[in-house]
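[1] below are the sequence and a predicted model for it; my questions follow.
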Amino acid sequence: KAGVTQTPRYLIKTRGQQVTLSCSPISGHRSVSWYQQTPGQGLQFLFEYFSETQRNKGNFPGRFSGRQFSNSRSEMNVSTLELGDSALYLCASSLGALTGSNQPQHFGDGTRLSIL
Amino acid sequence: AQSVTQLGSHVSVSEGALVLLRCNYSSSVPPYLFWYVQYPNQGLQLLLKYTSAATLVKGINGFEAEFKKSETSFHLTKPSAHMSDAAEYFCAVSDGNTDKLIFGTGTRLQVFP
């Protein structure tokens, strides 16, 4: 069974640009969550999607957005990039449930975004 | 609000020695607790999780953790360290209603021969 796939693995952008990151969950998983990992702030929750609906959102500015498609694949977008957006962005998927079931979350290897 | 505190950002042990990584939690509701491991240039791998079924939880790679409500702790242990255990370890908590995880700041484990 294939794991969580994140593309691309590495990305270099300049300030002011926008970027879209992609996440393909494990087959059958309906919940997808995104996290930002930086040396200074650690692992921070961005948002969670279940059945194409955002179920939870972290404390990030509106420049960070996401969506989920009918096949459970998810994308996150960051507009007007800032130097501080340089980070490893991790996606995690789980079976999920309407009210949350704490099924184990499986993480991808992340997309490392560098802003110049 | 929920939170976890990991005591010690770096822990060093000799190969074959006991591994003890500390995690304390704060939660207003019965928590779901997790330990994850991250190897360089990789994502997070679930070691074990506590969901109130049993206070002593056994995970992969010989790790286990004990939930102690009186101490609000969920420390991770392994009787005998192996060189391959060198990695960063994260404790996390959720409220059980969604998949949102609150992570600790991580503990980097070094294993010396």
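    Good, I have the coordinates.
[2] okay, buried residues for stretch B:27-42 please.
    Going by neighbour count (16 or more other C-beta atoms under 10 Å in any protein chain shown), the buried part of stretch B:27-42 is B:27, B:31-38. C-betas here are computed from N, CA, C, even on glycine.
[3] of the residues you listed, which are in range of chain A?
    When contact is defined as C-beta under 8 Å from any C-beta of the partner chain, the buried residues of stretch B:27-42 meet chain A at B:32, B:36.
[4] name the nearest of the buried residues of stretch B:27-42 relative to chain A.
    Comparing the buried residues of stretch B:27-42 against chain A with C-beta to the nearest C-beta places residue B:32 closest, at 4.9 Å.
[5] what does chain A put close to chain B?
    Proximity of chain A to chain B (C-beta under 8 Å from any C-beta) is limited to residues A:4, A:31, A:33, A:35, A:42-45, A:48, A:50, A:55-56, A:58, A:90, A:92, A:94, A:96, A:99-100, A:102-110.
[6] mind checking which of those are buried?
    The buried subset of those (16+ other C-beta under 10 Å) comprises A:4, A:31, A:33, A:35, A:43-45, A:48, A:50, A:55-56, A:58, A:90, A:92, A:94, A:96, A:100, A:102-103, A:105-110.
[7] in strands, which of the residues you listed fall?
    Among those, the members falling in strands (DSSP state E) are A:31, A:33, A:35, A:43-45, A:48, A:50, A:55-56, A:90, A:92, A:94, A:106-107.
[8] just checking, which helix or strand of chain A averages the lowest pLDDT?
    Least confident helix or strand, chain A: strand A:53-57 with a mean of 91, by mean pLDDT, DSSP states H and E.
[9] check which helices and strands that strand sits against.
    Under the contact criterion of 3 or more C-beta pairs under 8 Å, 6 or more residues apart in numbering or on different chains; DSSP states H and E, strand A:53-57 touches strand A:42-50, strand A:64-68.
[10] could these go into a markdown table alongside mean pLDDT and distance to residue B:86?
    Converted to a markdown table, the helices and strands packed on strand A:53-57 look like this (pLDDT from 0 to 100; distance: least, C-beta to C-beta, whole Å):
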| stretch | mean pLDDT | distance to residue B:86 |
| --- | --- | --- |
| strand A:42-50 | 94 | 19 |
| strand A:64-68 | 97 | 33 |
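[11] quick one: those as CSV, columns for distance to residue B:44 too.
    As requested, these are arranged in CSV below (distance: least, C-beta to C-beta, whole Å):
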stretch, distance to residue B:44
strand A:42-50, 8
strand A:64-68, 19
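[12] residue B:99: which of the ones you listed is closest?
    Evaluated over those, closeness to residue B:99 peaks at strand A:42-50, with 5.3 Å, by C-beta to C-beta.
[13] re the thing from before, list just the nearest of the ones in strands among the buried ones among the residues of chain A next to chain B to residue A:73.
    Nearest to residue A:73 out of those is residue A:31 (C-beta to C-beta; 12.5 Å).
[14] poorly predicted segments of chain A, please.
    A:1, A:97-102 (pLDDT under 70).
[15] and the gap between the closest residue to residue A:66 other than its chain neighbours and residue A:34?
    Leaving aside its sequence neighbours, residue A:66 sits nearest to residue A:76 (C-beta to C-beta, 6 or more residues apart in numbering or on different chains; 4.2 Å). With distances taken as C-beta to C-beta, to the nearest Å, residue A:76 is found 5 Å from residue A:34.
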